[in-house]
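J.: Fold the following and give me the result.
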Amino acid sequence: MSYNIALNFEDGVTRFVSCNDGETVLDAAYRAQINLPMDCSDGVCGTCKGACHQGDFDMGEEYIDEALSDEEADRGMVLTCQMVPSSDCVVEVPVASTMCKTGNAEVTGTVAEVNLISPTSIELKIAADDDIAFLPGQYVNIQVPDTEETRAYSFSSKPGSRDLSFLIRNVPGGLMSSWLVGKARTGDKVTLTGPMGSFYLRPVERSILMLAGGTGLAPMLAKLEYLKVHGCDQPTHLVYGVSNDDDLVCLDILDRFAAELDNFSYVTVVSGEDSDHPRKGYVTEHMDEAPLNDGDVDVYLCGPPPMVDSVLGFFREQGIEPNSFHYEKFTPSAPAAKENVA
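T.: Coordinates of the predicted model:
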């Protein structure tokens, strides 16, 4: 038996390694030619200290308190030289990937479909040539063919599949948008590097509130795909906001999630003044069904910077401090800016 261990480095790079039953994370990483920080490998120096808040593992009793105190262990800190996983785990490594002689993985793929699903949204489907592991909510850089430029896009597909999908904003004159709309053909080759980012789904232990603006829906779809596979007994509510009626996409997919995923519900919101949508305005004006629970909720927010700032202001004004608040800002033509507030 082996377990998939996601190593999240300080610079946003994520590398996955396979850890055999009874093997330490440090040894599994070394076997994958990733040199995690280490001096003694005996639980004495504390150099390999990281954090793990997702997954089951055993730390044993061989390390000393100077290397990892009980208080640190209670806060989820680990020594990778002593940590023996008993499930898939996510481990935070507090150094840059380059310090561990690793970096982003690179995978090639073939364009399977390019669909203009609204005037402002493009669905891109890629068949990866090799496995590309990622956590639900992470993103990858896609190189624009015939250029040295890349653009960052969140996966909208479920982890574990080579059939990848992305929801991309159609930016008039944008480098990737122009290629997708005017040049891309089925069978074209593309290169992806990643995965990256900290906007991934944490262990589901309480209600979840998802707030998506425009193509910020993509990482939420990946999270919902994960929840559908692994189950979810907590209320999960999505508020999906766009500017115009035509911007609402993937509603058939959301309807399918609502039918197949227990405790999932969603509403859509349109801010445009000309819209006839029953819920007009901004997402913060339509939080009636949100499971806020006096703050006992994990919040995931992805959208353009003004939306993120508006929602942060909403929670401050309401005096609500969620158990955790994860957000991701994106702009149309630049790599996504990742931020995470716990």
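J.: just for this structure, where's the confidence low?
T.: The chain contains residues with pLDDT under 70 at 331-342.
J.: Point to the residue nearest the middle of it.
T.: Nearest to the mean C-alpha position of the chain, by CA atoms, centre = their mean, lies Gly137 at 1.9 Å.
J.: Go ahead and report the secondary structure state at that residue.
T.: With DSSP: H, G, I helix; E, B strand; the rest coil as the basis, Gly137 sits in coil.
J.: Pull the contacting residues for it.
T.: By CB atoms under 8 Å, 6 or more residues apart in numbering, the residues touching Gly137 are Ser154, Gly197, Phe199, Tyr200, Leu201, Pro219, Met220, Ala222, Lys223, Tyr300. C-beta here means a position set from N, CA and C on the backbone, and glycine is covered the same way.
J.: who touches stretch 90-99?
T.: With CB under 8 Å, 6+ apart, stretch 90-99 has contacts from 5-11, 13, 15, 25, 36-37, 49-55, 78, 80, 83, 100, 103-104, 135, 200.
J.: Select only the buried ones of those in PyMOL?
T.: Only the buried entries of the contacts of stretch 90-99 go into this PyMOL selection, using 16 or more other CB atoms under 10 Å:
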select buried, resi 5+6+7+8+9+13+15+25+36+37+49+50+51+52+53+54+55+78+80+83+100+104+135+200
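J.: Just the contacts of stretch 90-99: which are in helices?
T.: Secondary structure defined by DSSP state H assigns Val25 of these to helices.
J.: Show only the entries of the contacts of stretch 90-99 found in strands.
T.: By the criterion of DSSP state E, membership of these in strands covers 5-9, 15, 49-54, 78.
J.: thinking again about what came up before, Serialize the contacts of Gly137 to CSV and add fields for distance to Thr120.
T.: Listed next are the contacts of Gly137 as CSV, based on distance: CB to CB, whole Å:
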residue, distance to Thr120
Ser154, 16
Gly197, 23
Phe199, 22
Tyr200, 26
Leu201, 26
Pro219, 18
Met220, 17
Ala222, 20
Lys223, 22
Tyr300, 22
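J.: quick one: which of the residues you listed is nearest Thr268?
T.: Thr268 lies nearest to Met220 out of the contacts of Gly137, by CB to CB, at 12.6 Å.
J.: and that closest one, that one's in a helix?
T.: Yes - assessed with three-state DSSP, Met220 lies in a helix.
J.: pretty sure it is touching Tyr300, no?
T.: Yes - assessed by CB atoms under 8 Å, Met220 is found in contact with Tyr300 at 7.0 Å.
J.: From Val283, how far out is Gly109?
T.: Gly109 is 33 Å from Val283, where distance means CB to CB, to the nearest Å.
J.: What about the closest residue to Lys101 other than its chain neighbours, how many residues nearby?
T.: Leaving aside its sequence neighbours, Lys101 sits nearest to Asn35 (CB to CB, 6 or more residues apart in numbering; 5.0 Å). Asn35 has 13 neighbouring residues, counting by other CB atoms under 10 Å.
J.: in terms of contact, does Asn35 touch Cys48 like I think?
T.: No - at 10.6 Å, Asn35 does not count as touching Cys48 under the criterion of CB under 8 Å.
J.: which ones are touching Phe9?
T.: Arg15, Val93, Val95, Ala96, Ser97, Cys100, Thr102.
J.: Can you tell me how far the closest residue to it other than its chain neighbours is from Ile168?
T.: Nearest residue to Phe9, sequence neighbours excluded (CB to CB, 6+ apart): Ser97, at 4.0 Å. Ser97 is 26 Å from Ile168, where distance means CB to CB.
J.: picking up where we left off before, compare the contacts of Phe9 and tell me which has the most neighbours.
T.: Going by other CB under 10 Å, Val93 tops these with 27 neighbours.
J.: Tell me the bridge partners for that residue.
T.: Phe9 (DSSP bridges).
J.: and the gap between it and Met59?
T.: Taking CB to CB, one finds Val93 at 16 Å from Met59.
J.: and what of Tyr327?
T.: Tyr327 is 31 Å from Met59, by CB to CB.
J.: Which one of the two is surrounded by more residues?
T.: Tyr327 (21 against 17).
J.: Leaving out chain neighbours, which residue sits closest to the more buried one?
T.: Once flanking residues are discounted, Tyr327 sits nearest to Leu301: 4.1 Å by CB to CB, 6+ apart.
J.: Which helix or which strand is home to that neighbour?
T.: Using DSSP states H and E, Leu301 sits in strand 297-303.
J.: who touches that strand?
T.: For strand 297-303, contacts defined as CB under 8 Å, 6+ apart pick out 137, 154, 199, 201-202, 204-214, 216-220, 223, 241, 290-291, 307-308, 311, 315, 322-330.
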